[in-house]
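Q: how would this look folded up:
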Amino acid sequence: MSAISMLTRGQSDIISALQALTYNINAAKGLQGVLETNLGPRGTMKMLVSAGGDIKITKDGNVLLKEMQIQHPSASLIARASTAQDQITGDGTTSVVLLIGELLRQAERYLADGFHPRVLTDGFLLAKEHCIKLLEQFKVTKTLDHELLCSVARTSLRTKVHAALADKLTGIVVEAVQTIRKEGEVLDLFMIEIMAIQQHSDVNSRLVKGIVLDHGARHPEMPKSLKNAFILTCNVSLEAEKPVGDVVEQYKTAAEREEFVNQERKFVDDRVAKIIDLKRLVCGGDPDKSFVIVNQKGIDPASLDMLAAEGILGLRRAKRRNMERITLACGGTAVNSVEDLSADVLGFAKSVFEQSVGEEKYTFIEGVDNPFSVTILLKAPNKYTILQMKDAIRDGVRAVKNAIDDGCLIPGAGAFEVAAALELKKLQETIQGRAKYGVQAFAEALLVIPKTLATNSGFDTIDTIIKLEEGARQHVVGLDIQTGEVCDPVTEGIYDNYIVKKHFLEATTLIASQLLQVDEVLKASSDKQQA
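A: Now for the predicted structure:
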């Protein structure tokens, strides 16, 4: 009986020594086998079916790892580390899983020959440090103009959706990020709203430089389309509110009750009258000008009647997140009171109109001068396509943001992994001791990315790697997934993010090293086993 068994008095399941290594390595290899077919623009899809029968079709590694119910502890650890990659950088989830699995697969060969795990992990650390130094030399520093940002977004989007849709979304994503960008300030991607409408084809999606609200007017007489609209954004109750607490209304006659109701109604009507006065002040009698009120709180039917009579479009129960976005898009200031209203608090839009899709109503606020908040309007024939497009756009937006923040790019199509593998083989010749075998294992593991890209594109991996290594000795080359030949990723406009590659190297090395150093796995016994 091992020392741990004596200490736990048989209350734990224990996996020791070589069994623990095999346990962890098999978990990594299993997870790698699940995700490797999803890598790259020509990767396949996975269909996830929930217990309730809901279906999700995706190739996004982050979505797959979150939705799959992984029971194996080591596989779950790898999955959490990989999803953390997506949370920090927005991409690279599948690549992290593949490299961790391949590092442990390469380590398994040396462990079978009697190598100690610590020797291999020391080599992994040396290789990682050398790769990060190479990454600094490998990065491409260029002026991040519109065309270059489109190349970055296209590279990311084509790994999530088909090429025609990716090309359509590329311009939308780049323009959205450039619109909300403020010089000298951190990009706030929450100012890009994604609104989905189940309608028509998926290539009919567009960017709205303004706001799309998922509700319309609640009065039939209110105008459906307005030009040159002044917009009041407020959080003011325009309805008779219920008393707070145990309030008792006392009256003796019907006349007193009527007077009480009238006073309560007058309190709300006075608020509406102040808004109407502001409308008359800014619009005058000009028929080309109009007025819109977007209220976070409610507007009762009587108040809607008063607003409709003045030709004012009133939108109630607006979402809280839209209140800030409306002022950023249209200008003006959100107010919490109708006292001392002035034209300074108003925003402006050239066009406000309502559109009905089936039973749903949407209000479009467009034609604003300096929008710092935009809406990406997705149109697709079914909810499966909408979910794919949403995941793709989130990754594309993050890719563009990373490029702007980093100020540099990494040539893609597996170019960095091939170049790093060649450099590590040169480094191996200069290292004394057994650590060189850890460096060799790391170099071989890096080639899993171009190998998987070749396999998913239908090409022979051995021939592909030979071509890439021969080309990489002369200049930077990547894999052309259409022909199976080498290509110049810079010329083709295929780029990866610097921060994604850096975090990818650090995360995979750390997780793989930790799993190799595990010599015992203790699993708590269930209550039934203890009984």
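Q: What are the boundaries of the strands in the stretch 201-350 of the chain?
A: For the stretch 201-350 of the chain, the strands defined by DSSP state E, counting those that start in this stretch occupy 206-208, 211-213, 225-234, 290-295, 312-315, 347-357.
Q: for those strands, which one sits closest to Val119?
A: strand 206-208 (54.1 Å; Cβ to Cβ). Every C-beta, even on glycine, is put in place using the N, C-alpha and C of the backbone.
Q: With mean pLDDT, distance to Thr430 and mean neighbour count added, can I get the strands of the stretch 201-350 of the chain in TSV?
A: As requested, the strands of the stretch 201-350 of the chain are exported to TSV (pLDDT from 0 to 100; distance: least, Cβ to Cβ, whole Å; neighbours: other Cβ atoms under 10 Å):
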stretch	mean pLDDT	distance to Thr430	mean neighbour count
strand 206-208	86	52	17
strand 211-213	86	59	23
strand 225-234	89	65	22
strand 290-295	89	67	25
strand 312-315	88	69	25
strand 347-357	86	64	18
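Q: And stretch 54-62, end to end?
A: With Cα to Cα, to the nearest Å applied, stretch 54-62 spans 18 Å between its terminal residues.
Q: how far does it sit from the chain's center?
A: Taking Cα atoms, centre = their mean, to the nearest Å, the mean C-alpha location of stretch 54-62 is offset from the chain mean by 14 Å.
Q: do stretch 226-243 as well
A: Distance, centroid of stretch 226-243 to centroid of chain: 33 Å (Cα atoms, centre = their mean).
Q: Going forward, count from 472.
A: Happy to do that; since the first residue is 472 now, the last one works out to stretch 697-714.
Q: ok, the helix or strand hosting Phe835: who's next to it in the sheet?
A: Phe835 is located in strand 831-837, with elements delineated by DSSP states H and E. Using DSSP bridges, strand 831-837 pairs in its sheet with strand 682-684 (antiparallel), strand 818-828 (antiparallel).
Q: Downstream of whatever helix or strand Lys861 lives in, the next helix or strand is which one?
A: Using DSSP H and E, Lys861 maps to helix 854-877. The element immediately downstream of helix 854-877 (helix or strand, assigned by DSSP H and E) is strand 880-882.
Q: Show me what that following strand is packed against.
A: Contacts defined by 3 or more Cβ pairs under 8 Å, 6 or more residues apart in numbering; DSSP states H and E place strand 880-882 against helix 588-609, strand 966-968, helix 969-987.
Q: export the helix or strand just after the last one as CSV, just CAs?
A: If you walk from helix 969-987 toward the C-terminus, the next helix or strand you reach (DSSP H and E) is strand 991-995. The C-alpha coordinates for strand 991-995 follow below in CSV (Å, rounded to 0.1, in the frame of the first residue of the first chain):
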residue,chain,number,x,y,z
GLU,A,991,-0.2,10.5,-8.9
VAL,A,992,-3.9,11.2,-9.5
LEU,A,993,-6.1,11.2,-6.4
LYS,A,994,-9.9,10.9,-7.1
ALA,A,995,-12.3,11.2,-4.2
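Q: The closest residue to Ile663 other than its chain neighbours: what's it in contact with?
A: Excluding the flanking residues, the one nearest Ile663 by Cβ to Cβ, 6 or more residues apart in numbering is Ala647, at 5.1 Å. Contacts for Ala647 (Cβ atoms under 8 Å, 6 or more residues apart in numbering) come out as Ile663, Leu678, Val845, Ile847, Val868.
Q: Which member of those exhibits the greatest number of neighbouring residues?
A: Val845 (26 neighbours; other Cβ atoms under 10 Å).
Q: and the longest helix for this protein?
A: In the chain, assigned by DSSP state H, the helix with the most residues is helix 725-754.
Q: elements contacting that helix?
A: Contacts defined by 3+ Cβ pairs under 8 Å, 6+ apart place helix 725-754 against strand 696-705, strand 761-766, helix 772-780, strand 783-786.
Q: picking up where we left off before, for the helix holding Lys861, what does the pLDDT average out to?
A: Averaging pLDDT along helix 854-877 gives 87.
Q: Stretch 899-919 too?
A: 87.
Q: cool, and stretch 553-564?
A: For stretch 553-564, mean pLDDT is 85.
Q: Check the spacing between the nearest residue to Ala688 once chain neighbours are set aside and Lys750 real quick.
A: In space, and not counting its chain neighbours, Ala688 is closest to Leu784: 5.7 Å by Cβ to Cβ, 6+ apart. Leu784 is 11 Å from Lys750, where distance means Cβ to Cβ, to the nearest Å.
Q: residues bridging contact with those two, i.e. touching both?
A: Residues touching both Leu784 and Lys750 by Cβ under 8 Å, 6+ apart: Phe762.
Q: Dump the strands of the stretch 672-821 of the chain to a markdown table, plus distance to Gly501.
A: Listed next are the strands of the stretch 672-821 of the chain as a markdown table, based on distance: least, Cβ to Cβ, whole Å:
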| stretch | distance to Gly501 |
| --- | --- |
| strand 677-679 | 41 |
| strand 682-684 | 43 |
| strand 696-705 | 53 |
| strand 761-766 | 52 |
| strand 783-786 | 52 |
| strand 818-828 | 44 |
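Q: closest one to Glu888 among those strands?
A: Across these, the minimum distance to Glu888, taken as Cβ to Cβ, is reached by strand 677-679, at 34.2 Å.
Q: Turn the helices and strands packed on helix 725-754 into CSV, columns for distance to Leu880.
A: Listed next are the helices and strands packed on helix 725-754 as CSV, based on distance: least, Cβ to Cβ, whole Å:
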stretch, distance to Leu880
strand 696-705, 39
strand 761-766, 40
helix 772-780, 52
strand 783-786, 42
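Q: Would you mind confirming that Ile783 is in contact with Phe762?
A: Yes - between Ile783 and Phe762 there is a contact at 4.8 Å, judged by Cβ atoms under 8 Å.
Q: got any residues that touch both of the two?
A: Lys750.
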